[in-house]
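Coordinates only, no sequence provided:
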């Protein structure tokens, strides 16, 4: 909502099943996050995007997908594995001199992220 209403961003996508949604070519793994699509998600538990583990062996594919799709900013929301993946992806994008910012947002139910006292998952 903040990206849409405060910053005027109109092209906001959610990637289904974590990093898989980034590098897989299947368009059904992308979800347009309009105000209508997210208006009531805070009333239900879980995630509308789904979760996954892994993808670390596809970092080059993820970076290439960011470049090919013109992604300028990627928010990686999750626990320690997601944050490690975000760091790897950021490093790979730097090697490509890509104009894409990777933002790690901690979200964990077991509160196991260093330097984070509390996250919105906890």
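Received, thanks. All values derive from a computational prediction rather than experimental measurement.

Quick one: end-to-end distance for stretch 16-28.
From its first residue to its last, stretch 16-28 covers 8 Å (Cα to Cα, to the nearest Å).

Please apply the same query to stretch 5-22.
End-to-end for stretch 5-22, by Cα to Cα: 25 Å.

ditto for stretch 67-79
25 Å.

Give me the distance between it and the centre of its chain.
Mean-position distance between stretch 67-79 and its chain equals 6 Å (Cα atoms, centre = their mean, to the nearest Å).

Can you report phi and psi for the residue nearest to the spatial centre of the chain?
Closest to where the C-alpha atoms of the chain average out (Cα atoms, centre = their mean) is residue 76, at 3.3 Å. Dihedral angles of residue 76 (phi, psi; degrees, to the nearest 10) stand at phi -110, psi 110.

my guess is it contacts residue 103, does it?
Yes - with contact defined as Cβ atoms under 8 Å, residue 76 reaches residue 103; the gap is 6.9 Å. Just so you know, the C-beta spots here come from the backbone N, C-alpha and C atoms, and that holds for glycine as well.

for the longest helix along the chain, which positions count as buried?
The longest helix of the chain (DSSP state H) is helix 80-95. Neighbour counts over helix 80-95 (16 or more other Cβ atoms under 10 Å) mark 81-83, 85-86, 88-90, 92-93 as buried.

Stretch 58-67 now?
For stretch 58-67, by 16+ other Cβ under 10 Å, it's 58-59, 62-66.

which one among those gets closest to residue 8?
Of all the buried residues of stretch 58-67, residue 8 sits closest to residue 66, with 21.7 Å by Cβ to Cβ.

And the pLDDT at residue 109?
On pLDDT, residue 109 comes in at 67.
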